[in-house]
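J.: no letters, just coordinates:
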């Protein structure tokens, strides 16, 4: 039986934070929602849209008397957020977050507010759209999407259970893994592809006659490079936050591409066919798995 | 004023060849269409669908009395096709093709049938779908799509003009560039992205617990890796055919990724932001250009 959230504090009322607020409100799981952020216009809009009930710009004031805190600020702002709530968070309140890397957020908590480690349950909803800001948020964003929780040894089973229930109320599919494993899996499936898309478009943009090159880019190019239109600041933060997993993986992939370039240079058809067939089989299996 | 094609011979009646036949038939630009290929079932289907009027399995027989020949066989089969038509093609017939690389096809013509070089106008329609075979063909495939012709110095202006008119009749937007430039542009915008998608999916598929990795792949991953579901045999042929342009470009990109991995390892936020912002601006400009 889910215990209703008395006061939800959403720090960072954008697509991720706003959608959680809307989903919990829609599910009737929350009494009051307090927003916190820097942009007055966005917070005013959040109130006007009914996403939050009221707001403050001060994290300390926001978490005062909170029941549950959702941290949806950029990864680069996590440490300051933990520091700001350290001495103000009620003793029975729980904190969770939505950051795309988990090791760095845990480290930020440990560095800025070690006494909160027992009540901080790190999480990552695998959801998003290309839009941002509270205007882009919607209650169904997490419906049938995966949320990965990476509970800490210091977390009480009740805290973890409460965060699970919060996400279940949003229609999400909740699983657990370790912090390190999460960061490896996300480096492979999300951060690395983003690096390839950003890197490819950047290289082409620096080529002579790059306008002509883009003019002849065929249909597949548009899909392939869609993620290169993602928010550069957010991705800078993700790269730095997850650099321990992402750096070596990107470097390993660069090595594989060098090998592939050699095989192409050698016209080694058998080796190329083996790689392409294995990739196609895995990709087709993955898409079948989504159905 | 377009001169109607008396007898069009389509060698390789699949998506590309079949769609050209359908488009020219629909435009009323062709009297008779002869198909040629190895698969009897596909050719029977092509007749049943009205895509071709009749067929033969012998290229020599097919081009006998041809007016215009469209070569839509895999890149690895081009040389044999030129050899087979060498002594049978009427003196006034023109040949063009649809290969994704142009240097290798010109080299195949030069090696197997040098006397045809004057009448071979290389071409590349930038169009396709993930399906293949004549059943997947449709008359509108080339509508508003780009076709690149790479005329040879030996081509007569009349031959080139005739191929331009053929593609215009299909609704395509025809441009010209040199063989070498075509191969560079396509390596950058099509062949290189395919290598990244195949390479990434292959690397992830070889990781431990790869099923789990794919399970957590987020939305962008599906788009990014779509082209890894492409035909492995076709891509082996393209890689080998365009290895002179693709090999060095892939190797250069691998070097850029190594550099990017270093910047991530160094947490060099300014350098990362610069790359991501440049890429996003170029990608957004490219998509705006498509509108």
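T.: Received the coordinates, thanks. Keep in mind that what you see is a predicted model, and the values were worked out from it rather than measured.

J.: ok, the residue found closest to residue A:83 once you drop the neighbours it is linked to in the chain to residue A:87 distance?
T.: Nearest residue to residue A:83, sequence neighbours excluded (Cβ to Cβ, 6 or more residues apart in numbering or on different chains): residue A:112, at 4.0 Å. Every C-beta, even on glycine, is put in place using the N, C-alpha and C of the backbone. Residue A:112 is 11 Å from residue A:87, where distance means Cβ to Cβ, to the nearest Å.

J.: same check, this time on residue A:174
T.: Residue A:174 is 31 Å from residue A:87, by Cβ to Cβ.

J.: of these two, who's got more company?
T.: residue A:174 (19 against 10; other Cβ atoms under 10 Å in any protein chain shown).

J.: any buried residues in the helix or strand containing the more buried one, and which?
T.: Here residue A:174 sits within strand A:173-176, counting by DSSP states H and E. Neighbour counts over strand A:173-176 (16 or more other Cβ atoms under 10 Å in any protein chain shown) mark residue A:174 as buried.

J.: quick check: chain neighbours aside, which residue is closest to the most centrally placed residue in chain A?
T.: Centroid-nearest residue in chain A: residue A:100, 3.2 Å away (criterion: Cα atoms, centre = their mean). Nearest residue to residue A:100 in three dimensions, chain neighbours excluded: residue A:238, at 5.1 Å (Cβ to Cβ, 6+ apart).

J.: and that neighbour, how many neighbours?
T.: 28.

J.: just the mean pLDDT for the helix or strand it falls within, thanks.
T.: Residue A:238 is part of helix A:232-241, with elements assigned from DSSP H and E. Average pLDDT, helix A:232-241: 95.

J.: quick one: low-confidence parts of chain A?
T.: A:1-2, A:219, A:290-291 (pLDDT under 70).

J.: now with 50, please.
T.: Along chain A, the parts satisfying pLDDT under 50 run over A:1.

J.: do a quick rundown of the helices in it.
T.: Counting by DSSP state H, chain A has helices at residues A:15-26, A:40-48, A:59-63, A:78-85, A:103-112, A:157-169, A:179-186, A:192-206, A:210-215, A:219-224, A:232-241, A:243-265, A:269-290.

J.: of all those, which lies closest to residue B:270?
T.: Proximity to residue B:270 (Cβ to Cβ) singles out helix A:232-241 among those, at 8.6 Å.

J.: so how far is that closest one from its chain's centroid?
T.: 11 Å (Cα atoms, centre = their mean, to the nearest Å).

J.: still on that earlier bit, possible to save the helices of chain A as TSV with distance to residue B:157?
T.: Formatted as TSV, the helices of chain A follow (distance: least, Cβ to Cβ, whole Å):
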stretch	distance to residue B:157
helix A:15-26	57
helix A:40-48	62
helix A:59-63	73
helix A:78-85	66
helix A:103-112	64
helix A:157-169	68
helix A:179-186	57
helix A:192-206	33
helix A:210-215	24
helix A:219-224	32
helix A:232-241	48
helix A:243-265	36
helix A:269-290	38
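
J.: out of the ones you listed, which comes closest to residue A:130?
T.: helix A:15-26 (9.6 Å).

J.: and the closest one, what other elements does it pack with?
T.: Identification of packing neighbours for helix A:15-26 by 3 or more Cβ pairs under 8 Å, 6 or more residues apart in numbering or on different chains; DSSP states H and E yields strand A:5-11, strand A:30-36, helix A:157-169.

J.: any chance of these in CSV, plus mean neighbour count and distance to chain B?
T.: Converted to CSV, these look like this (neighbours: other Cβ atoms under 10 Å in any protein chain shown; distance: least, Cβ to the nearest Cβ, whole Å):
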stretch, mean neighbour count, distance to chain B
strand A:5-11, 24, 22
strand A:30-36, 22, 25
helix A:157-169, 18, 15
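
J.: any chance of these in JSON lines, plus distance to residue A:223?
T.: Formatted as JSON lines, the helices and strands packed on helix A:15-26 follow (distance: least, Cβ to Cβ, whole Å):
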{"stretch": "strand A:5-11", "distance to residue A:223": "33"}
{"stretch": "strand A:30-36", "distance to residue A:223": "35"}
{"stretch": "helix A:157-169", "distance to residue A:223": "29"}
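
J.: would you mind listing what in the stretch 51-200 of chain A touches chain B?
T.: Proximity of the stretch 51-200 of chain A to chain B is confined to A:126-128, A:146, A:148, A:185-186, A:188-190, A:192-200 under the rule Cβ under 8 Å from any Cβ of the partner chain.

J.: on that earlier part again, could you check the angle helix A:179-186 makes with the helix holding residue A:238?
T.: Counting by axes from the mean of the first three to the mean of the last three Cα atoms, to 10 degrees, helix A:232-241 lies at 130 degrees to helix A:179-186.

J.: tell me what helix A:232-241 is packed against?
T.: Taking 3+ Cβ pairs under 8 Å, 6+ apart as the contact cut, helix A:232-241 packs with helix A:103-112, helix A:192-206, helix B:269-290.

J.: please report how far residue A:275 lies from residue B:122.
T.: With Cβ to Cβ as the criterion, residue A:275 and residue B:122 are 28 Å apart.

J.: what's around the nearest residue to residue A:240 once chain neighbours are set aside, how many residues?
T.: Once flanking residues are discounted, residue A:240 sits nearest to residue B:267: 4.7 Å by Cβ to Cβ, 6+ apart. By other Cβ under 10 Å, the residues close to residue B:267 number 14.

J.: just residue A:27 next, same as before
T.: 16.

J.: which residues touch it?
T.: A:169, A:170 (Cβ atoms under 8 Å, 6 or more residues apart in numbering or on different chains).

J.: and what of residue A:89?
T.: A:63, A:66, A:69, A:95, A:116, A:119.

J.: ok, back up a step: between the helices and strands packed on helix A:232-241, which gets nearest to residue B:211?
T.: helix A:192-206 (17.7 Å).

J.: tell me the angle the closest one makes with helix B:243-265.
T.: Using the same axes, to 10 degrees: helix A:192-206 against helix B:243-265 is 120 degrees.

J.: mind listing what's buried in helix A:192-206?
T.: Buried, per 16+ other Cβ under 10 Å, within helix A:192-206: A:192-205.

J.: and it, what does it pack against?
T.: On a contact count with 3+ Cβ pairs under 8 Å, 6+ apart, helix A:192-206 meets helix A:210-215, helix A:232-241, helix A:243-265, helix B:192-206, helix B:219-224, helix B:243-265, helix B:269-290.

J.: surely the residue nearest to residue A:83 touches residue A:79?
T.: Yes. In this structure, residue A:112 is within contact of residue A:79 by Cβ atoms under 8 Å, at 5.0 Å.

J.: I figured residue A:154 was touching residue A:118, is that so?
T.: Yes. Residue A:154 lies in contact with residue A:118 (Cβ under 8 Å); the separation is 4.4 Å.

J.: excluding its backbone neighbours, what's nearest residue A:66?
T.: Per Cβ to Cβ, 6+ apart, closest to residue A:66 is residue A:9, 4.3 Å.

J.: mind listing what the one you found touches?
T.: Here residue A:9 is in contact with A:33, A:34, A:35, A:36, A:62, A:63, A:66, A:68, A:69, A:70 (Cβ under 8 Å, 6+ apart).

J.: any idea which of these is closest to residue A:46?
T.: Once Cβ to Cβ is applied, the member of these that ends up nearest residue A:46 is residue A:35, at 5.3 Å.

J.: and the gap between the closest one and residue A:239?
T.: From residue A:35 over to residue A:239 (counting by Cβ to Cβ), the distance is 28 Å.

J.: and residue A:61, by the same measure?
T.: Distance, residue A:61 to residue A:239, using Cβ to Cβ: 32 Å.
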